[in-house]
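> quick one, structure for this:
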Amino acid sequence: MLNKQTLRKGVIVECEGKVLSKEETIALSEDWNENQEMFFRKMLKQGGKFSIKGRKFIITTPDKIYNSKGEEEVSMYNNDSEE
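Okay, here's the model as predicted:
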């Protein structure tokens with residue numbers, strides 16, 4: 001089962017078009033198996049569209065990405081450069 005610390009600040013979880021609170025997301029995770037929970041945790045980090053147990057989720061992550069120490073990650077490339 002997920003806990004409140006799993007759901008980071010700035011991450012938006014939508015299910016069937018409704019934005020879920022942390023409590024609602026945790027309640028949905030109670031009947032997931034281990035693989036479904038691990039997949040959801042991965043998607044929390046990267047964002048995207050997917051479904052678990054027939055429910056469609058959309059996860060939007062903040063623009064800045066942080067590592068496990070809470071430090072901001074530096075992107076590997078710059079989209080602004082012109083070639």
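
> tell me how far residue 29 lies from residue 55.
As judged by CB to CB, to the nearest Å, residue 29 and residue 55 stand 11 Å apart. For the C-beta atoms, the positions are set from N, CA and C on the backbone; glycine is no exception.

> quick one: the helices in the chain?
For the chain, applying DSSP state H gives helices covering 22-29, 34-46.

> any chance of those in a markdown table, with distance to residue 61 too?
Shown next, in a markdown table, are these (distance: least, CB to CB, whole Å):
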| stretch | distance to residue 61 |
| --- | --- |
| helix 22-29 | 14 |
| helix 34-46 | 7 |
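
> mean pLDDT, distance to residue 9 and mean neighbour count for those helices - can I get that in CSV?
Shown next, in CSV, are the helices of the chain (pLDDT from 0 to 100; distance: least, CB to CB, whole Å; neighbours: other CB atoms under 10 Å):
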stretch, mean pLDDT, distance to residue 9, mean neighbour count
helix 22-29, 94, 10, 16
helix 34-46, 94, 12, 13
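
> tell me which of the ones you listed sits nearest to residue 4.
The closest approach between residue 4 and any of these, judged by CB to CB, belongs to helix 22-29 at 5.3 Å.

> buried residues, stretch 1-19. List them.
By neighbour count with 16 or more other CB atoms under 10 Å, stretch 1-19 contains the buried residues 2, 6-7, 11, 13, 15.

> go on, stretch 54-68?
Buried-residue list, stretch 54-68, by 16+ other CB under 10 Å: 57-59, 61.
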